[in-house]
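Trainee: Got a predicted model here, sequence first, then my questions.
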Amino acid sequence: MVWMVIGGPLAVVVASIATAVIAFRGADPVVRDAPAARVQATSIARQPAMVARNHAATGQAPAVRPAVAGR
């Protein structure tokens, strides 16, 4: 019974240390890209899907024209 009282918490401590070592050794590098450019490209790419979704929800014909990638 004493081995459970000592062994249980000891196993948790060893597992947490092992997890911390794995996390620090395998950490990914920080991405420092400009997220605004990616957001704009993503919104242009998703525009046809948004128009179709709005058309399906309201039943009205889409009144927007597709965006040009160069603008």
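Mentor: Cool, the structure landed.

Trainee: In terms of helices and strands, where is R32?
Mentor: Under the assignment given by DSSP states H and E, R32 is not contained in any helix or strand.

Trainee: Do you know the pLDDT at it?
Mentor: For R32, the model assigns a pLDDT of 74.

Trainee: What of the one 3 residues further on?
Mentor: On the pLDDT scale, P35 is placed at 65.

Trainee: go on, I6?
Mentor: 92.

Trainee: The one 10 residues further on now?
Mentor: In this model, S16 is scored at 97, pLDDT.

Trainee: shaky segments in this protein?
Mentor: Flagging of the chain using pLDDT under 70 yields the residue ranges 33-47, 49-52, 54-57, 59-71.

Trainee: rerun that using 90 as the cut-off
Mentor: The chain contains residues with pLDDT under 90 at 1-4, 24, 26-71.

Trainee: distance of G7 from V14?
Mentor: Counting by CB to CB, to the nearest Å, the gap between G7 and V14 amounts to 10 Å. To be clear about C-beta, it is placed using only N, CA and C from the backbone, and glycine gets the same treatment.

Trainee: repeat for I6
Mentor: For I6, the distance to V14 - CB to CB - is 12 Å.

Trainee: what do you get for G26?
Mentor: Look at G26 and V14: by CB to CB, they are 19 Å apart.

Trainee: So these two - more neighbours on which side?
Mentor: More neighbours surround V14 than the other of G26 and V14, with 10 against 7 (other CB atoms under 10 Å).
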